[in-house]
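> Here you go, sequence then predicted model.
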Amino acid sequence: MADPYTSQCYSQWSQTNYTDFIPREGTGNDIKPGWNYTMPLCQRICLLSTFSEDCQCIHPTFLDDESNKVNPPCDVSSDGEHYECVNNIYDELDVGARECQCNVECDETDYDLAVSQAAFPSLKYEVMILERREMKCLQQSRFHSRLQRLICTGLAPRMTS
């Protein structure tokens with residue numbers, strides 16, 4: 001964001017040290033990062049790269065990442081070979097001795113969660129469809145629905161545009 005804002009936000013991965021961990025899309029001169037920059041994703045990649053570089057392993061929570069097939073999964077069991085390295089990284093992050101180069105993103109989209117439901121098709125929808133098709137009334141004995149009977153007898157509400 002421009003002055004007077006002082007957030008020092010990031011809008012692209014090139015502002016971080018983690019571009020090697022971001023998949024690329026496109027060809028030729030049109031190669032772009034495959035993911036938009038977000039602070040939570042940056043923090044995740046920071047941890048992934050830190051474990052990969054310092055412990056020469058991939059933490060089990062990052063095994064879904066396909067970009068690093070060189071290092072084996074970290075053995076984080078209490079007597080595992082990577083246990084001490086992984087815990088030291090977490091400790092350093094907790095006390096501020098190590099930091100991730102991740103600032104807030106410049107553009108953020110938040111969505112409000114809402115749940116709704118309705119019967120389908122609703123009577124209003126059925127009336128509209130039947131009117132559009134200019135349905136002709138059949139003999140009383142051949143009606144297939146209560147709605148058709150209402151429309152044919154003129155008791156259904158008329159839709160206005």
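Looks like it arrived, so ask away.
> Now for the residue lying closest to residue 18 once chain neighbours are set aside: which residues touch it?
The shortest distance from residue 18 to any non-neighbouring residue, by CB to CB, 6 or more residues apart in numbering, is to residue 45 (4.6 Å). C-betas here are computed from N, CA, C, even on glycine. Remark: with contacts taken as CB atoms under 8 Å, 6 or more residues apart in numbering, residue 45 is in contact with 18, 21-22.
> ok, residue 55 - how many residues close by?
Using other CB atoms under 10 Å, residue 55 is surrounded by 21 other residues.
> C-terminal to the longest helix seen in the chain, what's the next element?
Across the chain, the longest stretch assigned as helix under DSSP state H is helix 39-55. Next along the chain after helix 39-55, taking DSSP states H and E as the criterion, comes helix 83-95.
> and that next one, average pLDDT?
Mean per-residue pLDDT for helix 83-95: 93.
> repeat for stretch 11-18
Rounded mean pLDDT across stretch 11-18 is 85.
> how long is it end to end?
One end of stretch 11-18 to the other measures 14 Å (CA to CA, to the nearest Å).
> How about stretch 87-101?
20 Å.
> circling back to that earlier point, pick out whichever of the contacts of residue 45 sits closest to residue 86.
residue 21 (17.7 Å; CB to CB).
> Return the distance of the closest one relative to residue 80.
24 Å (CB to CB, to the nearest Å).
> Of those two, give the one with the bigger neighbour count.
Relative neighbour count places residue 21 above the other of residue 21 and residue 80, with 20 against 13, counting by other CB under 10 Å.
> Please verify my assumption that the more buried one contacts residue 49.
Yes. Counting by CB atoms under 8 Å, residue 21 sits close enough to residue 49 to count as a contact (5.5 Å).
> Where does pLDDT dip in this protein?
Counting by pLDDT under 70, the chain has low-confidence residues at 1-6, 27-31, 64-69, 120-121, 126, 129-161.
> change it to 50
138-143 (pLDDT under 50).
> residues in contact with residue 119?
Counting by CB under 8 Å, 6+ apart, residue 119 has no contacts.
> From residue 94, how far off is residue 8?
Taking CB to CB, one finds residue 8 at 23 Å from residue 94.
> I should have written residue 24 there, sorry.
From residue 24 over to residue 94 (counting by CB to CB), the distance is 33 Å.
> swap in residue 13?
26 Å.
> higher neighbour count, those two?
Neighbour count, other CB under 10 Å: between residue 13 and residue 94, residue 13 has more, with 21 against 9.
> Please tell me how far the more buried one sits from residue 97.
When residue 13 is compared with residue 97 (using CB to CB), they lie 25 Å apart.
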